[in-house]
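Visitor: Got a predicted structure plus its sequence, pasted below:
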Amino acid sequence: LQPLRPYEKVDILKQFLEFDRRVLRFYCVWDDRKSMFGDIRELILHYFLADGTIEIKEVVPPNSGRDAAPIFLRRQRLPKQPELMEQPGVKTKRTVLNVFGPMGHGGRYILDSLKTGAVQQDYYHDSDLCIGTVLNVWGRKVLLCDCDSFTKAYYRSKYEIEKFLPILYHDGSTPKSHDEIPPYEGFQIGSEEDSRQNCISLIPKPPKQDFKKFMEKDKQGLDSNVLRYMASLDTEKAIDADRRFIVSYFLSDNTLSVYEPLVRNSGIIGGKFIERGKILKGHDLDADTQRRVYYQPHDLYIGAAVSLNRHNFKLIDADEYAISYMENRPDEFPLADICKIKSKLSQLDKEQIKRSLTNLDHDSKGKLTFDKFFSAIKNSFNLIDHEIVTLARFYGGQLESNKDEVSQIVNQVQANLKESRFEAFPHITLDCKLEDSRKSGFIALNTLADICMKHSLPLSPELFEQLIRCIDRNNQNKVDYQQFVTYINWRDSPAKNLFSTRRSDIGMQAAGSGSWPQFETDVQDSYEVDFTRMISEVF
């Protein structure tokens, strides 16, 4: 390539090296509301310090009906007063004078240093740009409203400008539109989550499940993560008043199911009463999410009145696992928090409580059976049934007469282990001591169950659960693992030496399919409550 002759030096390298990749950014608007179907158009202006060119991009909001063009104004030098298009050669960067000679080869030329014939045109520079300036972009009035932090620092250092007050161009007259989802009537196919997905997208996707919660709350060994309650119908019909149901709450997905055990000669066909699924707590919507409210774990407790698919139930009891689960999580279940119950009880009249309990203590032992303790507290004071059960379990213990049943359970456990030739008792004791970091002699029930599964303890889940009920517990509901090992050690601690007196045989029928699970009422008669210790600690 031949350079232009005569040669004129234009130094642009210094400016390029100093300001390359440095761009001033302004946020601006173009008010086009005067034209038909026009509105306010949001723009972003880029000024390149390397060569003084300007580029403008448009911010197209979603669902505006306008095509998202890649650029509003391509990068170029923007004139302040645009004129009509001139003929070629009118505007040039160089002005050349013909000194003498013919046109073309052999002639002599010289540059016009004064540029007398040049057409001058003024362009926008960085000194012309500031917040509040109106630019003429080829006939469109563009208002500069704000800029970024780099632009502010540039003008602060070069032009000593300190105030950069943005111009608010949104008047707020156009409210944001919200998609209204039609209410779920209940007769649609699928659940409420399935119907909601049909309203969100044209091609519905299955609702997302809480997989982490499912993995944490799914059945793991002996830990079923299912809260079971005994319920009765809240009705005045005599034929339905004696019916009993098992309400199961599955913690993995917050679903409920109701099962009615078969009772012979009752005239009622037992079986599945309500299929497993999420059940609405009421017809009111949540104030924050505007969604229907379903039954949560803390909504079910002993004494609660619930409405499940227009059937009114009253929860009258719960199994051992459900009560222990709630007592181990007092933050989630306030009715099983012994500290809150003590605080509530301390606000009552001490003498009235003492008099009501003492009148039923005919033997003057300072202890009452569970039935007497429950009736005394229920009739005289404003406590919920579940709070009374929690209070009785905290201050209660087994009666001496219950040793016959314990002896029978231990005999059957040791007979099964002896038949299976299981002798890994030292290994179980060692693992329990490793888990007992505080050397208290007590560990959590789930930990003990995991240790037994680790060593393949040959006991059925029903027999293992019955044995656990015979083990002493502390105030934190942890079990005495030393007593547990003693009861299962048929070689060193046979049952005939643990229980010296002759015990009568007790039938140990396991709870199978269609039978009742072991509820708290099954062992209430073998408990007595130390109300004297309760009064001394509460007041």
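Guide: Thanks, I have the structure now. Residues are numbered from 1 along each chain as shown.
Visitor: For the stretch 401-539 of the chain, give me the ranges with low pLDDT.
Guide: 401-404, 475, 496-527 (pLDDT under 70).
Visitor: most residues in a single helix of the chain, which one?
Guide: Secondary structure of the chain read by DSSP state H shows that its longest helix is helix 403-419.
Visitor: Which elements pack onto the helix or strand just after that one?
Guide: Using DSSP states H and E, the helix or strand that follows helix 403-419 in sequence is helix 425-435. With contacts defined as 3 or more C-beta pairs under 8 Å, 6 or more residues apart in numbering; DSSP states H and E, helix 425-435 has these neighbours: helix 445-454, helix 481-488. Heads up, the C-betas are built off the backbone N, CA and C, glycines and all.
Visitor: Could I get the buried residue list for the longest one?
Guide: Along helix 445-454, the positions that meet the burial threshold by neighbour count (16 or more other C-beta atoms under 10 Å) are 445, 447, 448, 449, 450, 451, 452.
Visitor: now those in TSV, with distance to residue 60?
Guide: TSV is the format used below for those (distance: C-beta to C-beta, whole Å):
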residue	distance to residue 60
445	61
447	60
448	64
449	61
450	59
451	64
452	65
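Visitor: still on that earlier bit, report all helices and strands that the longest helix of the chain contacts.
Guide: Counting by 3+ C-beta pairs under 8 Å, 6+ apart, helix 403-419 packs on helix 461-469, helix 481-488, helix 495-498.
Visitor: quick one: which of these is nearest residue 271?
Guide: For the helices and strands packed on helix 403-419, the distance to residue 271 is smallest for helix 461-469, at 21.6 Å, taking C-beta to C-beta.
Visitor: re earlier: buried ones in the longest helix of the chain?
Guide: Using 16+ other C-beta under 10 Å as the test for burial, helix 403-419 gives 403-414, 416-417.
Visitor: circling back: mean neighbour count added to the helices and strands packed on helix 403-419, as CSV?
Guide: Output for the helices and strands packed on helix 403-419, formatted as CSV (neighbours: other C-beta atoms under 10 Å):
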stretch, mean neighbour count
helix 461-469, 17
helix 481-488, 18
helix 495-498, 14
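Visitor: Of the buried residues of helix 445-454, which is the nearest to residue 391?
Guide: residue 445 (20.9 Å).
Visitor: residues touching the closest one, list them.
Guide: 324, 468, 477, 478, 479 (C-beta atoms under 8 Å, 6 or more residues apart in numbering).
Visitor: do you know how far it is from residue 133?
Guide: Separation of residue 445 from residue 133 (C-beta to C-beta, to the nearest Å): 75 Å.
Visitor: Same question for residue 331.
Guide: Applying C-beta to C-beta to residue 331 and residue 133 gives a distance of 59 Å.
Visitor: got it, and residue 235?
Guide: Counting by C-beta to C-beta, the gap from residue 235 to residue 133 is 79 Å.
Visitor: Could you work out the end-to-end span of stretch 282-293 for me?
Guide: From its first residue to its last, stretch 282-293 covers 7 Å (C-alpha to C-alpha, to the nearest Å).
Visitor: Just give me the neighbour total for residue 16.
Guide: 12 (other C-beta atoms under 10 Å).
Visitor: wait, it sits on residue 52?
Guide: No: here residue 16 lies out of contact with residue 52, judged by C-beta atoms under 8 Å, at a distance of 11.0 Å.
Visitor: With adjacent residues omitted, what lies nearest to residue 281?
Guide: In this structure, residue 281 finds its nearest non-sequential neighbour in residue 293, 4.6 Å apart by C-beta to C-beta, 6 or more residues apart in numbering.
Visitor: For the helices and strands packed on helix 425-435, give me JSON lines that also has distance to residue 386.
Guide: As requested, the helices and strands packed on helix 425-435 are exported to JSON lines (distance: least, C-beta to C-beta, whole Å):
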{"stretch": "helix 445-454", "distance to residue 386": "20"}
{"stretch": "helix 481-488", "distance to residue 386": "28"}
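Visitor: how about the ones you listed, which one is nearest residue 120?
Guide: helix 445-454 (88.1 Å).
Visitor: Could you give the separation of the closest one from the chain centroid?
Guide: Chain-centre distance of helix 445-454: 29 Å, with C-alpha atoms, centre = their mean, to the nearest Å.
Visitor: quick one: pLDDT of residue 72?
Guide: As summarised for this prediction, residue 72 has a pLDDT of 91.
Visitor: about what we covered before: if you count neighbours, what's buried in the helix or strand harbouring the residue nearest to residue 281?
Guide: Using DSSP H and E, the element containing residue 293 is strand 292-294. Residues 292, 294 are the ones in strand 292-294 that count as buried (16+ other C-beta under 10 Å).
Visitor: What mean pLDDT does that strand get?
Guide: On average, strand 292-294 scores 82.
Visitor: quick one: strands adjacent to it?
Guide: According to DSSP bridges, strand 292-294 forms sheet pairs with strand 280-285 (antiparallel).
Visitor: Surely residue 154 and residue 24 touch.
Guide: Yes: using C-beta under 8 Å, residue 154 is in contact with residue 24, at 6.3 Å.
Visitor: quick one: common contacting residues for the two?
Guide: Joint contacts of residue 154 and residue 24 (C-beta under 8 Å, 6+ apart) are residue 126.
Visitor: Mind jotting down where the helices sit in the stretch 1-150 of the chain?
Guide: Ranges of helices within the stretch 1-150 of the chain are 13-19, 149-158, based on DSSP state H, counting those that start in this stretch.
Visitor: Of those helices, give the one that comes closest to residue 231.
Guide: Of all the helices of the stretch 1-150 of the chain, helix 149-158 comes closest under C-beta to C-beta, at 63.9 Å.
Visitor: Please compute how far stretch 26-38 lies from its chain's middle.
Guide: Relative to its chain's centre, stretch 26-38 lies at 44 Å (C-alpha atoms, centre = their mean).
Visitor: Any idea how far apart the tips of that stretch sit?
Guide: Terminal residues of stretch 26-38 lie 22 Å apart, using C-alpha to C-alpha.
Visitor: How about it, which residues are buried there?
Guide: Residues 26, 27, 28, 29, 30 are the ones in stretch 26-38 that count as buried (16+ other C-beta under 10 Å).
Visitor: now do stretch 42-59
Guide: Under 16+ other C-beta under 10 Å, the buried positions of stretch 42-59 are 42, 43, 45, 47, 48, 49, 52, 53, 54, 55, 56, 58.
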